[in-house]
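*Asks:* model this:
(2 chains)
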2 protein chains.
Amino acid sequence: MLQMSDEEYMLLALDEADKAVQLKEVPIGAIVVYRDQVIGRGYNLRETEQDPLLHAEMIAIREAAMHLKSWRLEECTLYVTLEPCPMCAGAILQSRIQRLVYGAKDPKAGCVDSLYHLLNDERFNHQTVIVDGVLQEESREKLRSFFQSLRANKKQRKQSNSIVT
Amino acid sequence: MLQMSDEEYMLLALDEADKAVQLKEVPIGAIVVYRDQVIGRGYNLRETEQDPLLHAEMIAIREAAMHLKSWRLEECTLYVTLEPCPMCAGAILQSRIQRLVYGAKDPKAGCVDSLYHLLNDERFNHQTVIVDGVLQEESREKLRSFFQSLRANKKQRKQSNSIVT
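*Replies:* Got it, this is the predicted structure:
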């Protein structure tokens, strides 16, 4: 099998993010790759399931662990469209993921490069190789247009409410 | 209904930890309390389920969210026998838990007081009230005796192996 590039895998993570949009979830997508095979996929399902743990990364990590029948994802790479939050960065540590490739930085909650460097802290029993900025513009644009249409919808609803009253 | 004290709730979390021991899991237990009612319980199931996400806190948080049919656990208190790791501290932030009560400190991976102070970082959109050290000796003793018997078992197995070979 031909080995895919980080950009090609990130396109698959972006495909996952698109599925979130359809459910009006914040468009973040993730995949887990093991020996050139996708063994986990996930997109944000927090609102749909009303479950605070269902970030894209968490779903992909769980699926990968079920596939390998092991909580140790030592030979795996996680691709995610946005820099992971503290919970997801922690899950990467817990699952011993070898390599993280992410798209856009998250200056508000990112715990890999922005606010903290949780994956390079030698006091923990695991460190992760990090590749940042892969298809970051595509990822950022997806988030931007999602929040833009959310604001437009809110404005429209406000206007139609004021017509009614 | 009589309001229970933090110590009394922590005893329930310690009961959860005991269930983990029976499965040879590291004995950590957690409960979530909402308006004086236990709405989530959990104990470590990582090895049993081979799922890196199944820490006690995560299971209790998910159950509480299912109970409230909401990812926002804003009026809830989480009781856990050991200081949360980065993943679980992150899950506390994600679920907007109002108050965390924990037992023993975890100098190796604790992200509430030991290595980081993730729950008091004003750059995040949520902060949590923290009460530490509740029944810490009981919690520590449970962990100590678990690891002691693990080491004793290993030694015994080594000895019986060397008799066989």
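*Asks:* Just give me the residue right at the centre of chain A.
*Replies:* For chain A, residue A:80 is the residue whose C-alpha lies nearest the centre (Cα atoms, centre = their mean; 3.9 Å).
*Asks:* by contact count, what packs against the strand or helix carrying that one?
*Replies:* Residue A:80 is part of strand A:76-82, with elements assigned from DSSP states H and E. Applying 3 or more Cβ pairs under 8 Å, 6 or more residues apart in numbering or on different chains; DSSP states H and E, we find strand A:76-82 packed against helix A:6-22, strand A:29-34, helix A:56-68, strand A:99-104, helix A:136-164. From N, CA and C alone the C-beta is placed, and that goes for glycine too.
*Asks:* Could I get the contacting residues of the residue lying closest to the residue nearest to the centre of chain A once chain neighbours are set aside?
*Replies:* Residue nearest to residue A:80 in three dimensions, not counting chain neighbours: residue A:30, with 4.1 Å by Cβ to Cβ, 6 or more residues apart in numbering or on different chains. Residue A:30 makes contact with A:13, A:16, A:40-43, A:56-57, A:59-60, A:78-81 under the criterion Cβ atoms under 8 Å, 6 or more residues apart in numbering or on different chains.
*Asks:* For residue A:30, give the beta-bridge partners.
*Replies:* Under DSSP bridges, the beta-bridge partners of residue A:30 are residue A:42, residue A:80.
*Asks:* What separation do you get for it and chain B?
*Replies:* In this view, residue A:30 and chain B are 14 Å apart by Cβ to the nearest Cβ, to the nearest Å.
*Asks:* Can you pull out the low-pLDDT segments for chain A?
*Replies:* Scanning chain A with the threshold set as pLDDT under 70 gives A:1-2, A:162-165.
*Asks:* let's see it at 80
*Replies:* A:1-2, A:160-165 (pLDDT under 80).
*Asks:* Run through the residues of it sitting next to chain B.
*Replies:* Within chain A, the residues that sit near chain B (Cβ under 8 Å from any Cβ of the partner chain) are A:46-47, A:50-53, A:55, A:58, A:61-62, A:65-66, A:69-73, A:85-91, A:93-96, A:108-109, A:111, A:115-116, A:118, A:121, A:123-125.
*Asks:* helix, strand or coil for residue A:38?
*Replies:* Three-state call for residue A:38 (DSSP: H, G, I helix; E, B strand; the rest coil): strand.
*Asks:* Now do the same contact list for the nearest residue to it once chain neighbours are set aside.
*Replies:* Distances taken as Cβ to Cβ, 6+ apart place residue A:31 nearest to residue A:38, at 5.2 Å, with adjacent residues excluded. Contact analysis of residue A:31 by Cβ under 8 Å, 6+ apart lists A:9, A:12, A:13, A:16, A:38, A:40, A:41, A:42, A:60, A:78, A:79.
*Asks:* residues contacting the residue nearest to residue A:107 when sequence neighbours are not counted?
*Replies:* Closest residue in space to residue A:107, ignoring its immediate chain neighbours: residue A:114 at 5.1 Å, by Cβ to Cβ, 6+ apart. Residue A:114 makes contact with A:83, A:105, A:106, A:107, A:108 under the criterion Cβ under 8 Å, 6+ apart.
*Asks:* if we go to 10 Å?
*Replies:* A:83, A:105, A:106, A:107, A:108, A:132, B:123 (Cβ atoms under 10 Å, 6 or more residues apart in numbering or on different chains).
*Asks:* Could you double-check that residue A:80 lies in contact with residue A:130?
*Replies:* No. If you go by Cβ atoms under 10 Å, residue A:80 and residue A:130 don't touch, sitting 11.4 Å apart.
*Asks:* For those two, list the residues in contact with both.
*Replies:* Applying Cβ under 10 Å, 6+ apart, one finds that residue A:80 and residue A:130 are jointly contacted by A:92, A:100, A:101, A:102, A:112.
*Asks:* In contact with the second one, which residues?
*Replies:* Contact partners of residue A:100, counting by Cβ under 10 Å, 6+ apart, are A:57, A:76-80, A:83-84, A:88-89, A:92, A:112, A:119, A:128-132.
*Asks:* Filter those residues down to the buried ones.
*Replies:* A:57, A:76-80, A:83-84, A:88-89, A:92, A:112, A:119, A:128, A:130, A:132 (16 or more other Cβ atoms under 10 Å in any protein chain shown).
*Asks:* Which of the residues you listed sits closest to residue A:147?
*Replies:* Nearest to residue A:147, judged by Cβ to Cβ, of the buried ones among the contacts of residue A:100 is residue A:83 at 16.7 Å.
*Asks:* give the contact list for that closest one.
*Replies:* A:89, A:100, A:102-115, A:130, A:132-133, A:136, A:139.
*Asks:* Can you give me the distance of it to residue A:153?
*Replies:* Between residue A:83 and residue A:153 the computed distance is 27 Å (Cβ to Cβ, to the nearest Å).
*Asks:* Could you do residue A:57 as well?
*Replies:* Residue A:57 is 27 Å from residue A:153, by Cβ to Cβ.
*Asks:* Can you spell out which helices and strands pack onto the host helix or strand of residue A:92?
*Replies:* Element membership for residue A:92, per DSSP H and E: helix A:86-94. Under the contact criterion of 3 or more Cβ pairs under 10 Å, 6 or more residues apart in numbering or on different chains; DSSP states H and E, helix A:86-94 touches helix A:56-68, strand A:76-82, strand A:99-104, helix B:56-68, helix B:86-94.
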